[in-house]
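K.L.:
Here is a sequence together with a model predicted from it:
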Amino acid sequence: MESGGAFVVVDTKSQQIIGSTRFYGYDPVKSEIEIGWTFLARKYWGGRYNAEMKQLLLDHAFRFVETVVFFVGAQNFRSQKAMEKIGAIRNGIVKRVFGNHPPHLNVKYVIASPTNHE
């Protein structure tokens, strides 16, 4: 989680790279990390790939943090629906800046760890 690198997603049948995702914004004080910057080739949208990828990342993240957050573009309704399908809870609207681009509105989603890390 500390490397800051992205994960490549490979279709095991075709051995083709079909997307990527990453951890971002680790905050040990809040015991939280973001999963995001997820991209899948269009033909893999709506299938099992996004949910499986997110579940693998969630399982790993919850070994270290209490909360995982996701930020989805306010107009990206397909991705918002995908967040809700994996059990993420809508937690408000935030304005975020990415690189040299103007600020964009994002919907914040949260998933809390199913176990307590005391």
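P.N.:
Sure thing, it's come through. Keep in mind that what you see is a predicted model, and the values were worked out from it rather than measured. Numbering: from 1, shown residues only.
K.L.:
buried set for the lowest-mean-pLDDT helix or strand in the chain?
P.N.:
Lowest by mean pLDDT, DSSP states H and E among the helices and strands of the chain is strand 6-11, with a mean of 90. Residues Val9 are the ones in strand 6-11 that count as buried (16 or more other Cβ atoms under 10 Å). Every residue, glycine included, has its C-beta placed from N, CA and C.
K.L.:
for that strand, packing partners?
P.N.:
strand 16-27, helix 49-61 (3 or more Cβ pairs under 8 Å, 6 or more residues apart in numbering; DSSP states H and E).
K.L.:
Okay, now the unreliable bits of this structure?
P.N.:
1-4, 116-118 (pLDDT under 70).
K.L.:
List the single closest residue to Leu105 in space, sequence neighbours excluded.
P.N.:
Closest residue to Leu105 apart from its sequence neighbours, by Cβ to Cβ, 6 or more residues apart in numbering: Ala74 at 3.9 Å.
K.L.:
oh sorry, the question was meant for Gln80
P.N.:
With Cβ to Cβ, 6+ apart as the criterion, Gln80 has its nearest non-adjacent residue at 5.2 Å, and that residue is Val72.
K.L.:
unless I'm mixing things up, the one you found is touching Ser79, no?
P.N.:
Yes: Val72 lies in contact with Ser79 (Cβ atoms under 8 Å); the separation is 4.6 Å.
K.L.:
returning to what we had before: identify the bridge partners of the residue nearest to Gln80.
P.N.:
Val107 (DSSP bridges).
K.L.:
Pull the contacting residues for it.
P.N.:
Contacts of Val72 were listed using Cβ atoms under 8 Å, 6 or more residues apart in numbering, and they are 79-80, 83, 106-107, 109.
K.L.:
How about Phe98?
P.N.:
His104.
K.L.:
Could you verify my assumption that Ile93 touches Phe71?
P.N.:
No: contact criterion Cβ under 8 Å: Ile93 and Phe71 do not qualify, at 10.0 Å.
K.L.:
Many thanks, I have nothing further to ask.
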